[in-house]
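Q: quick one, structure for this:
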Amino acid sequence: MGASKTDLFTQEQNELALLAKAIGHPARVAILQYLLDSKECINNDLVNELGLAQPTISQHLKELKNIGLIKGTVEGVSICYCIDNVKWSQIRDLFNELFDHNPGCTDSNCC
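A: Got it, this is the predicted structure:
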């Protein structure tokens, strides 16, 4: 099968796919959960919390930052990360639209 033809899909479909891919790794889900619970953290906190190597954590943080889910500020030699609340709300709304979509099939014969 050839390369994906994103131009065949809507902007919303492409965005949802990119977001799903970005959170499609359990380490990234764990990072997001940690940030949501703690409000902010420093990279070494995540290393201690998740038990993954610092370069691995940094790569996952980079992916989440590239998609806009998190943001970071430099504090000395450390970076403090937090959830981008605006993007988080947009993402929640996009996924809720998808999950709330119901074609109206209430017939028991519907597959």
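Q: wait, residue 49 touches residue 37, no?
A: No: judged on CB atoms under 8 Å, residue 49 makes no contact with residue 37 at a distance of 10.0 Å. The C-beta positions use only the backbone N, C-alpha and C, and glycine is treated the same way.
Q: who has more neighbours, these two?
A: residue 49 (16 against 9; other CB atoms under 10 Å).
Q: measure that one to residue 12 for me?
A: Using CB to CB, to the nearest Å, one gets 34 Å for the distance from residue 49 to residue 12.
Q: kindly report the same for residue 95.
A: Residue 95 sits 11 Å away from residue 12, going by CB to CB.
Q: what about those two, which has more around it?
A: Using other CB under 10 Å as the criterion, residue 95 and residue 12 rank with residue 95 on top: 14 against 11.
Q: just the pLDDT for the more buried one.
A: We note a pLDDT of 90 for residue 95 in this prediction.
Q: same deal with residue 52?
A: 93.
Q: count the neighbours of it for me.
A: Residue 52 has 16 neighbours, counted by other CB under 10 Å.
Q: quick one: it is in a strand?
A: No: Residue 52 sits outside any strand when classified using DSSP: H, G, I helix; E, B strand; the rest coil, being coil.
Q: who touches it in this structure?
A: By CB atoms under 8 Å, 6 or more residues apart in numbering, residue 52 lies in contact with 27, 46, 60.
Q: neighbouring contacts of the helix or strand hosting the last one?
A: Assessed by DSSP states H and E, residue 60 sits inside helix 54-66. Residues lying outside helix 54-66 but in contact with it, judged by CB under 8 Å, 6+ apart, are 22-23, 25, 27-28, 31-32, 43-44, 46-47, 50, 52, 70-72, 81.
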